[in-house]
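Engineer: I need the structure of the sequence given here:
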Amino acid sequence: MSRFAIGLLIVSLLLLGACRSRTDSTGATSAATQPMATSAPPTVQPAQVPAEYSQLYQSLSQGLDAWQQSLQQRSATGATAPIFGAHLLVANANRGTALLEPSTMTAVDSSLDRLKQLGVQGVTITISFPLFNADQPQAADYLSFYATVARHVRDRGLKLSVEQHVAFSGTPFSSVQFDYTKLPFDQFVALDHRMSQLILDNIQPDFLTLLSEPDTFGSLTGYKQVSTPDGAAAMVGAVLAGLNRGQTKIGAGAGSWLQNAPQYAAAFARTSIDYIDLHIYPITPATIQVSQAVADAAKSAGKPVVLDEAWLYKVTGIGGVDQEALQELRDPFSFWAPLDSRYLALLAQFARANNVAYVAPFWSTFFWAYVDYGPNTKDLQLAPLQQMTNQAVSQALRDGTFTDTGKAYSSAISGR
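Structural biologist: Below is the predicted model:
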């Protein structure tokens, strides 16, 4: 299950308050949003972990230990200088018509300013089929919205990464509805090709990922053609055929939870893609091994890696919608911050050691605020917990404040 849609449940936080963008009339970043100075990585204090989460906390900590040990064997091989990005969740396509509300661009600007202040060098947005289809209501408005977002990103000197995906239709995580059973696969590929060219012509991202989670794609659409590495590579090859790429680098890949993700990487490398895409969830011995194997496969093929989704998932496995909701109930609590901070430092180390061209943590939400765990929050259901998180993040965005996790990412970017 992808994290693409999960951001939908929190991106509304940016619209709950008047998120004031500190830009001048040209859209340029003001002095107030210049990169923050950090003389040293923030000190991480031991977390006060609730008893009911102590076992999971320990398991995740051990997973980070294992990842660190794995990376120690790689760090001496020569470090690269990735572009460090983050997800711009307020522009996630699964929000549907909410993207077209005037307040959304205000939220986009506020988010971009705060991310730039942390030292973030690029942002990732998810653009989903079928928003640009000619028969879709307001298709031209969606295209205009994303072209405007791209311009605001470039006005701040940031790089832009686009994940081209399909809407999470039929799930609680998207307001966009589409019946894939009525669209034959070959017709989908033709429309997906058209969508790619519209993105290239109108948005002109630095990176465009055509297919990043074949299993999620297959689950959402019912198309079985991508269930094997060769089948997925054939689809990517068909979408690529005849594209006018301009200066955009194009890639494809799979998630670290798939044992055969290295085989997907090898198959994609035989097409004309420019990079291998990788998503890292969760942190387990298996996903650590797979992530490294994907990076090694990309190196063998002479391709860089774009790691455009990753976060310390607060579960020990990837499941369906119910498990995604469980993750949502856990992630907002502030006692996770030391682990999240450590995860981001290791993510940066992995990127530097493995020829990663671009890396973007998913849950940029928690760069700004968490919710404290206590009697008033520990038993909250998903909706009220999200509302409380939304309010905290909206306030932090207005105030220009950051969590230790946000500061840790700033330190990871600078290498301090």
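Engineer: what helix or strand does residue 192 sit in?
Structural biologist: In the assignment (DSSP states H and E), residue 192 maps to helix 185-202.
Engineer: just checking, what packs against the next helix or strand after that helix?
Structural biologist: Per DSSP H and E, helix 185-202 leads on to strand 207-211 as the next helix or strand towards the C-terminus. Helices and strands in packing contact with strand 207-211 are listed as strand 159-166, helix 185-202, helix 229-240, strand 249-255, strand 275-280, strand 305-310; criterion 3 or more Cβ pairs under 8 Å, 6 or more residues apart in numbering; DSSP states H and E. C-beta here means a position set from N, CA and C on the backbone, and glycine is covered the same way.
Engineer: Direction-wise, compare strand 207-211 with strand 275-280 and give the angle.
Structural biologist: Relative orientation of strand 207-211 versus strand 275-280 (axes from the mean of the first three to the mean of the last three Cα atoms, to 10 degrees): 70 degrees.
Engineer: immediately after strand 207-211, which helix or strand?
Structural biologist: With elements assigned by DSSP H and E, the helix or strand that comes after strand 207-211 is helix 214-221.
Engineer: could you give the mean pLDDT of that following helix?
Structural biologist: Per-region confidence: helix 214-221 scores 93 on mean pLDDT.
Engineer: Would you indicate which residues of it are buried?
Structural biologist: Using 16 or more other Cβ atoms under 10 Å as the test for burial, helix 214-221 gives 214-218, 220-221.
Engineer: picking up where we left off before, so what does the helix holding residue 192 touch, helix or strand wise?
Structural biologist: Where contact means 3+ Cβ pairs under 8 Å, 6+ apart, helix 185-202 is packed against strand 122-129, helix 139-155, strand 159-166, strand 207-211, helix 229-240.
Engineer: Mean neighbour count and distance to residue 89 added to these, as TSV?
Structural biologist: Output for the helices and strands packed on helix 185-202, formatted as TSV (neighbours: other Cβ atoms under 10 Å; distance: least, Cβ to Cβ, whole Å):
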stretch	mean neighbour count	distance to residue 89
strand 122-129	26	9
helix 139-155	18	12
strand 159-166	25	12
strand 207-211	27	17
helix 229-240	20	26
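Engineer: tally of neighbours for residue 223?
Structural biologist: Residues within reach of residue 223, counting by other Cβ atoms under 10 Å, total 20.
Engineer: And the closest residue to it other than its chain neighbours, what's its pLDDT?
Structural biologist: Distances taken as Cβ to Cβ, 6 or more residues apart in numbering put residue 185 closest to residue 223, at 5.1 Å, once the chain neighbours are dropped. As predicted, residue 185 sits at a pLDDT of 97.
Engineer: Would you check how far apart residue 185 and residue 242 are?
Structural biologist: Applying Cβ to Cβ, to the nearest Å, one obtains 19 Å for the distance of residue 185 from residue 242.
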